[in-house]
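Visitor: I would like to see how this sequence folds:
(2 chains)
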Amino acid sequence: MTWSLLGDALAIFFALCGMFFMFVGAVGIVRFPDAYNRLHASSKCSTLGVMGLALAAVFHVGTLAVTTKAIMTIVFALVAAPVGSHMLAKAAHLNGLKPWDRQLSDELQQDKERREGKSPCNAPRGMAASPQSRPARRDPGSDPTARISAAV
Amino acid sequence: MNGSVLSMLSLAHGPAPALAAAASPLQPALFLTLEIGAVLAIVGMMLCLYRMVRGPHLADRVLSGDTLAYQVVGLVILLTVRMESTTYLDGALVVAIIGFASTLAFSQYIGNLNRRSNA
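Guide: The predicted model follows:
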């Protein structure tokens, strides 16, 4: 009796956590301005949401079959979600999807331009790609992003 | 149970009679939580479908499909907890694996689009 009470209390707690992250991830899919930002919300949904709900199944049912499959689901979600998000973000960047116009830095784009030998002054967007960014690496100016990169 | 969201989703009507003696006093609260969770998962699936229709880029549609697969996984796990059954969780695992594989395949496709159009 006591153990089933404790298990149900833990199941309610983990189910509430999982439901919260599932719903917040879905809202973030709609509300975020950019595909890269939306990937951030999608990862929350697929790791923390699935983990909470599977732990609720473990604590409420508690048989060996359910526990094994729930742990397999959790491990698979924890492995698969970062790999899928990373591949999708890199493919979108390779396809030329423009980031949000108010984002601060696009380091993959900077790396690409540096590898191609282009001047970063021609970079069309972002504060980090502003004309002060390359000299400001030696002399930190008023640009906050340049100061951060010089501190790093 | 009749008229609730999870019973409409399942083919077997009514709760499983298993562990009836060990039912704790928190079980109605848990079942109410699961009903609310089913409603939230369905609303989340609708939000993902909205983004899939309106996504400006192909990557938006693919990631909303990925999230849709994980919402389905969450709904199936809620059904598992409600019915106290083992068999539904296999479906959750299969949907998760298929969603991951489709995400990988679509991201390969998106990454190769630019190269193919230039060549």
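Visitor: stretch A:94-105 vs chain B: in contact?
Guide: Yes - counting by C-beta under 8 Å from any C-beta of the partner chain, chain B has neighbours in stretch A:94-105: A:94-97. (Each C-beta comes from the backbone N, C-alpha and C, glycine too.)
Visitor: what about the strands in chain B?
Guide: Ranges of strands within chain B: none, based on DSSP state E.
Visitor: run through it and note the low-pLDDT ranges.
Guide: By pLDDT under 70, the weakly predicted segments of chain B are B:1-3, B:5, B:7-22, B:116-119.
Visitor: where do the helices sit along it?
Guide: Assigned by DSSP state H, the helices in chain B fall at B:5-9, B:27-54, B:58-83, B:88-118.
Visitor: could you name the helices and strands sitting against the last one?
Guide: Which is helix B:88-118. Contacts defined by 3 or more C-beta pairs under 8 Å, 6 or more residues apart in numbering or on different chains; DSSP states H and E place helix B:88-118 against helix A:64-94, helix B:58-83.
Visitor: for it, buried residues please.
Guide: Neighbour-count burial for helix B:88-118 flags B:88-89, B:92-93, B:95-96, B:99-100, B:103-104, B:106-107, B:110-111 (criterion: 16 or more other C-beta atoms under 10 Å in any protein chain shown).
Visitor: A:Ala41 is nearest to which of the helices and strands packed on helix B:88-118?
Guide: Checking these against A:Ala41 by C-beta to C-beta gives helix B:58-83 as the closest, at 8.0 Å.
Visitor: spell out whether that closest one and chain A are in contact.
Guide: Yes - judged by C-beta under 8 Å from any C-beta, helix B:58-83 comes into contact with chain A at B:58-60, B:62-64, B:66-67, B:70-71, B:73-74, B:77-78, B:80-81.
Visitor: for chain B, give me its nearest residue in chain A.
Guide: Closest residue of chain A to chain B, C-beta to the nearest C-beta: A:Ala26 (3.2 Å).
Visitor: report the contact partners of that residue.
Guide: Residues in contact with A:Ala26 (C-beta atoms under 8 Å, 6 or more residues apart in numbering or on different chains) are A:45, B:43-45, B:47-48, B:67, B:71.
Visitor: report the closest residue of chain B relative to chain A.
Guide: Chain A sits closest to B:Gly44 of chain B, with a gap of 3.2 Å, by C-beta to the nearest C-beta.
Visitor: about what we covered before: show me which of the residues of stretch A:94-105 next to chain B is closest to B:Leu6.
Guide: Distance to B:Leu6, by C-beta to C-beta, is smallest for A:Leu97 among those, at 38.6 Å.
Visitor: residue contacts, the most centrally placed residue in chain A?
Guide: Chain A has A:His40 as the residue nearest its centroid, 3.1 Å off, counting by C-alpha atoms, centre = their mean. Neighbour list for A:His40: A:28, A:32 [criterion: C-beta under 8 Å, 6+ apart].
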